[in-house]
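Participant: sequence and predicted structure below; questions after.
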Amino acid sequence: MSKLESKIPKGDLAKKWTNYKAEQKLVNPANKRKLDIIVVGTGLAGASAAASLGELGFNVKSFCYQDSPRRAHSIAAQGGINAAKNYPNDGDSVYRLFYDTIKGGDYRAREANVYRLAEVSSNIIDQCVAQGVPFAREYGGLLSNRSFGGAQVSRTFYARGQTGQQLLLGAYGALNRQIAAGSVNMYPRTEMIDLVLVEGKARGIVTRNLITGEIDTHFGHAVVLATGGYGNVFFLSTNAMGSNASAAWRAYKRGANFGNPCFVQIHPTCIPVHGEYQSKLTLMSESLRNDGRIWVPKLKEDVEKIRKGELKPGDISEENRDYYLERRYPAFGNLVPRDVASRAAKERCDAGYGVGSTGLAVYLDFKSAIERLGEDKIRERYGNLFQMYEKITDEDPYKTPMMIYPAIHYTMGGLWVDYELQTTIPGLFAIGEANFSDHGANRLGASALMQGLADGYFVLPYTIQNYLADEIHTPRMDINQKEFVQTKQEANEKLEKLLSIKGKQSVDSFHKRLGKIMWDYVGMSRNKEGLLFALEEIKKIKQEFWSDVRIPGDPGSVNVELEKANRVADFIELGELMALDALEREESCGGHFREEFQTPEGEALRNDQDFKFVSAWEFKEEDVHPILNKESLDYEFIEIKQRNYK
Amino acid sequence: MDLTLKVWRQKDASSKGKFETYSISDVSKDSSFLEMLDVLNEQLIRENIEPIAFDHDCREGICGSCGLFINGRAHGPDYETTTCQLHMRKFKHGDTIVIEPWRAKAFPVIKDLMVDRSAFDKILQSGGFVSVNTGGVPDANAIPIPKEAADEAMDAATCIGCGACVATCKNASAMLFVSAKVSQLALLPQGKLEAQRRAKSMVAKMDELGFGNCSNTGACEVECPKGISIAHIARFNREFLKAKIND
């Protein structure tokens, strides 16, 4: 059983990070040149970490499965990035950002980590502006802010509806500069398929070249996983088609604990599912809730007519509309956190008030905002989102309300890490969405970009040195030594096994089946019976997958089906762990809603007495129940309360 | 709707490619072009034929991975769109659709519809950034930037690096792509300091990698999924000329 040591520094909350930095070990410039660091993934966390570590003088090897590091899925983040700058003079502070994040996460995140995140948030904005990120500005030339869910201040910086793109291109620029300088070696179209351990420490990775099919090994004194989340377990999600959990999952199977796998974020404003052939879901940024109002018809007869196309949303008079978020949560209105907004949409649709041909949609209406601000202002704020909506649905949101429905968007769970972002495997670090650390059971909008860049620019470059300072005498290892050769062989055997099945069903058909089970039983609301059923079904899918999957083509060239099969094999196992975790956590908190545990008003009912801990799952062996380790969450500085957005 | 697809198939970079013809039926008008290809690939897998390889990832029009030449047009018959955001309602029952990869000397075909666009990364590595390290930078509001300049920089910065501009240009020139980065950074005080050095090194790299010259046809602007204006090429030329005069 692993021992979970969170390594939270002693002292006052506001001093912890300063004290840590004052006392941590550093590596001198001459020794940095002798140390190799592997960074897997080039999203906000990975690109910023690789660039910053390269600037410091380490030898960095950076890997991504895409054809260019610029295409990592952080690029698709829309709305913005939070920072406690308090530029609008509306009462923000480091403490308030910290508090909102802990509360938004339903008191299931670590105080010290979250405080540090809030503390470095301002540096991120400074850094990005210095890189030439074109954030939105006011006529006076200073930066503009908007508000996001779960906060009563405007602390979100943005670049139209393409903030993730602009931040990632900034980090990619910094990465490019280091590639040109020779401090970072870039390996695009290369996927990590296993982790190499030498005497219990992470020392390298096994990769597959997605063009030639070659399997290689790489050595690093430390390995950093910045490989994103696992939302694609659900098949349909807002993640990119290639987003996968294999790096994190292989690390889990080599001994890294997996934290809170059941904490998944379901985003309230996505374009609804429209057909069986659909490959992914598209998010409509939360920033739209600044100006858009969410409603469904009040009367069932109006609902019927709308579904049949006899009435249009514009035909429903104000008094016959139910602005249910404004009704239920007057203090936060349309800007309640995502978990709350998603469940409220599901509640209305389940009660029979959903619109659209399937009845699984609600309206997001800009009519009053357009009347108040004019169409040009709305176009300036959200133009690209409106255009995207029109391309997909063939409807003009300037004229008719958008139809939206919740979809899988982000995973708060991930590899368990301590305060230094190190997993339970020494020398293996996890940053960004790949770790579990900062968002508890629910992430607030515009905080993913903040966390990714905080980890990569300002946290990992410090904490990794505390580990590497003791590694300066470790020489670079020969990749022909037995641990590398053996891990490579094991990874290879797995691929060969997949290819040898030669069954009848496509990889996608299994992925879709898994996704449906996950969405129906491990999705927006869960109960014991459903979770037990899901566990049985997943076992069946796993068995069938390993006996009947069909992968055409050969392994020695581009083989997309083989890539997908290798990822789906891991998604199936991870799905099982998610269901197991959801079953064990007999409470509702944040994105994890157990139907058995709710208040009379239908709000999540937490159980702090028994579940105020991080679930950290430890792999034992194939088909054996994993061990549940618990890290108790001690709130020293804030009082925990029932979350209230009313 | 039922469609006939003529798709470019090529085993690898060194093999010769050719068009194969496939039929597909019951395509929904609400599906995206890539979802239509997914359905075709499922059909091919069932017939034990290797599925068609094409690049794609976010399917939201922002990552820049996808890029197909459809009926002779980069990203197909719609304006300001990526291939993933092109929907089948732009076609009609009975159509024959010709699907090719980007064709440019600097973008060699890897397999079927996949091409190697690493030349774009190499150009940006030669200077498409502001040379600042992490940490030690001034407060974000220390340098006010006129809103108009910030907005124009943002217009240029929306480039997704898909390569449609190169694919559609008869000279396979990368001028729109390169100018978008040069222009974004030249418009901002943070990037101005290195503007001339940047323009020169990026031009040199672009030439070295085999991209053609710009003859101002404006085709790139027409097919750019993000609607990036060729006005940025003009600014890029000015930056380059200034740099050369100062040499």
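Facilitator: Thanks, I have it.
Participant: what is the mean pLDDT for stretch A:360-379?
Facilitator: For stretch A:360-379, the mean pLDDT works out to 95.
Participant: please identify the buried residues of that stretch?
Facilitator: Neighbour-count burial for stretch A:360-379, counted by 16 or more other Cβ atoms under 10 Å in any protein chain shown, picks out A:360-367, A:369-370, A:378. Glycine gets a C-beta too; all of them are placed from N, C-alpha and C.
Participant: dump the residues you listed into JSON lines; add secondary structure and distance to chain B as well.
Facilitator: Output for the buried residues of stretch A:360-379, formatted as JSON lines (DSSP: H, G, I helix; E, B strand; the rest coil; distance: Cβ to the nearest Cβ, whole Å):
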{"residue": "A:360", "secondary structure": "coil", "distance to chain B": "15"}
{"residue": "A:361", "secondary structure": "coil", "distance to chain B": "14"}
{"residue": "A:362", "secondary structure": "strand", "distance to chain B": "20"}
{"residue": "A:363", "secondary structure": "strand", "distance to chain B": "19"}
{"residue": "A:364", "secondary structure": "strand", "distance to chain B": "17"}
{"residue": "A:365", "secondary structure": "strand", "distance to chain B": "22"}
{"residue": "A:366", "secondary structure": "coil", "distance to chain B": "20"}
{"residue": "A:367", "secondary structure": "helix", "distance to chain B": "25"}
{"residue": "A:369", "secondary structure": "helix", "distance to chain B": "21"}
{"residue": "A:370", "secondary structure": "helix", "distance to chain B": "21"}
{"residue": "A:378", "secondary structure": "helix", "distance to chain B": "16"}
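Participant: would you enumerate the residues in contact with the closest residue to chain B within the stretch 1-150 of chain A?
Facilitator: Using Cβ to the nearest Cβ, the single residue of the stretch 1-150 of chain A nearest to chain B is residue A:141, 2.9 Å away. Residues near residue A:141 by Cβ atoms under 8 Å, 6 or more residues apart in numbering or on different chains: B:144-147.
Participant: could you do residue B:175 as well?
Facilitator: B:165, B:169, B:206, B:214, B:220, B:233, B:236.
Participant: just those: which are in helices?
Facilitator: B:165, B:206, B:220, B:233, B:236 (DSSP state H).
Participant: could you check the pLDDT of the closest residue to the fourth one other than its chain neighbours?
Facilitator: This means residue B:233. The shortest distance from residue B:233 to any residue other than its chain neighbours is 4.5 Å, reached at residue B:179 (Cβ to Cβ, 6 or more residues apart in numbering or on different chains). Looking at residue B:179, its pLDDT stands at 98.
Participant: now do the contacts for residue B:179.
Facilitator: Taking Cβ under 8 Å, 6+ apart as the test, what residue B:179 contacts is B:156, B:230, B:232-233, B:235-236.
Participant: equivalent analysis for residue B:196, please.
Facilitator: Contacts of residue B:196 (Cβ under 8 Å, 6+ apart): B:239, B:242-243, B:246.
Participant: for the contacts of residue B:179, which one is nearest chain A?
Facilitator: residue B:156 (8.4 Å).
Participant: what about residue A:208, is that helix, strand or coil?
Facilitator: strand (DSSP: H, G, I helix; E, B strand; the rest coil).
Participant: give the bridge partners for it, please.
Facilitator: Here residue A:208 sits in beta bridges with residue A:191, residue A:215, going by DSSP bridges.
Participant: pretty sure it sits against residue A:194.
Facilitator: No - with contact defined as Cβ atoms under 8 Å, residue A:208 does not count as touching residue A:194 (9.6 Å).
Participant: mutual contacts of those two, please.
Facilitator: With Cβ under 8 Å, 6+ apart, residue A:208 and residue A:194 have common neighbours residue A:491.
Participant: that older thread, who wins for most neighbours among the contacts of residue B:175?
Facilitator: Of the contacts of residue B:175, residue B:165 is surrounded by the most neighbours, 28 neighbours in total, counting by other Cβ atoms under 10 Å in any protein chain shown.
Participant: and the gap between that residue and residue B:54?
Facilitator: 19 Å (Cβ to Cβ, to the nearest Å).
Participant: what kind of secondary structure is residue 151 in?
Facilitator: Since you didn't name a chain, this refers to chain A. Classified using three-state DSSP, residue A:151 is coil.
Participant: chain B is the one I meant
Facilitator: Classified using three-state DSSP, residue B:151 is helix.
Participant: what is the burial count for it?
Facilitator: With other Cβ under 10 Å as criterion, residue B:151 counts 16.
Participant: ok, it - contacts?
Facilitator: Contacts of residue B:151 by Cβ under 8 Å, 6+ apart are A:134, A:137.
Participant: can we see that at 7 Å?
Facilitator: Neighbouring residues of residue B:151 by Cβ atoms under 7 Å, 6 or more residues apart in numbering or on different chains: there are none.
Participant: next: the one 10 residues further on.
Facilitator: With Cβ under 7 Å, 6+ apart as the criterion, the residues that contact residue B:161 are A:68, A:70, B:64, B:120, B:177.
Participant: starting at the chain centroid, how far to the host helix or strand of the last one?
Facilitator: Think residue B:177. In the assignment (DSSP states H and E), residue B:177 maps to helix B:175-187. How far helix B:175-187 lies from its chain's middle: 14 Å, per Cα atoms, centre = their mean, to the nearest Å.
Participant: same question for stretch A:209-217.
Facilitator: Per Cα atoms, centre = their mean, the centroid offset for stretch A:209-217 relative to its chain is 27 Å.
Participant: any idea how far the residue nearest to residue B:233 lies from residue B:206?
Facilitator: On the measure of Cβ to Cβ, residue B:179 and residue B:206 end up 10 Å apart.
Participant: show me where the stretch 201-350 of chain A has helices.
Facilitator: A:246-253, A:300-308, A:324-328, A:338-350 (DSSP state H, counting those that start in this stretch).
Participant: buried residues in the longest one?
Facilitator: If I follow you right, that is helix A:338-350. Taking 16+ other Cβ under 10 Å as the criterion, helix A:338-350 shows A:338-346, A:348-349 as buried.
Participant: output that helix as CSV, nothing but the C-alphas.
Facilitator: Below are the C-alpha coordinates for helix A:338-350, written out as CSV (Å, rounded to 0.1, in the frame of the first residue of the first chain):
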residue,chain,number,x,y,z
ARG,A,338,-21.0,24.3,-14.1
ASP,A,339,-22.1,21.3,-12.1
VAL,A,340,-25.1,23.2,-10.7
ALA,A,341,-26.1,24.5,-14.2
SER,A,342,-25.8,21.1,-15.8
ARG,A,343,-27.9,19.3,-13.2
ALA,A,344,-30.5,22.1,-13.4
ALA,A,345,-30.8,21.6,-17.2
LYS,A,346,-31.1,17.8,-16.7
GLU,A,347,-33.8,18.4,-14.1
ARG,A,348,-35.9,20.5,-16.5
CYS,A,349,-35.4,18.1,-19.4
ASP,A,350,-36.2,15.0,-17.2
